[in-house]
Every structure is written in C-alpha cells, then in structure tokens.
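Novice: predicted model and sequence below, questions to follow.
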Amino acid sequence: MYKYQRIKDLREDHDLKQDALAHLLGTTKQQYSLWERGEREFPFHNVIKLALYFNVTIDYLAGLINEPKPLREEKREEKQ
C-alpha cells in the first residue's frame, strides 16, 4: 500500500494522471511519483496545495480522519 494512498485515490477519482498533479505542484512526474509512493516526504506546502485543489482537509489527506470534510462550502445558486 502506498504511504499517501488518499492522495493517489483522490487523483484517480478525479481521472488525473501523475503528470497533471506534478504540473500543478511545479515539479516533475518522477518527483511526484516518489512523493505519492512514499519514497520521499511530500513538502508541506504541496500538501496544502493538494488540500485546496481537492477541497478536502489536510487531516483527511494524512489519514487522520476517514470522512472527507470540505475546506470550503461550494457556493450554490439559489433557485428563483
């Protein structure tokens, strides 16, 4: 099992490839792959970027909680 399984699962759930998230984080696909597999620690500033991108808490990404909680509520258009 990957050390950062939640991050991998979120990436796959959003039909993203590693190179897309690598681009978002300003790194190479190879470096991103090392992070996702747990062979290198994710820099904290990149964990924050992923939490914002996927709209989940850092607690969820870290596996401290099992239910994803949104960082921000989605704005819903009111029906008129």
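Specialist: Great, that's in hand.
Novice: and Leu25, how close does it get to Pro68?
Specialist: 20 Å (CB to CB, to the nearest Å). Every C-beta, even on glycine, is put in place using the N, C-alpha and C of the backbone.
Novice: those two - which one has more neighbours?
Specialist: Shown here are Leu25 and Pro68; by other CB atoms under 10 Å, Leu25 has more neighbours (19 against 15).
Novice: for that one, which residues are in contact?
Specialist: Leu25 makes contact with Tyr32, Asn46, Lys49, Leu50 under the criterion CB atoms under 8 Å, 6 or more residues apart in numbering.
Novice: centre-most residue in the protein?
Specialist: Nearest residue to the geometric centre of the chain (CA atoms, centre = their mean): Leu50, 3.8 Å.
Novice: list the contacts of that one.
Specialist: Going by CB under 8 Å, 6+ apart, the list of residues near Leu50 reads Ile7, Leu10, Leu21, Leu25, Phe42, Leu61.
Novice: and after the helix or strand hosting Asn46, which helix or strand comes next?
Specialist: Assigning secondary structure by DSSP states H and E places Asn46 in helix 44-54. Going down the chain from helix 44-54, the next helix or strand is helix 58-61, by DSSP H and E.
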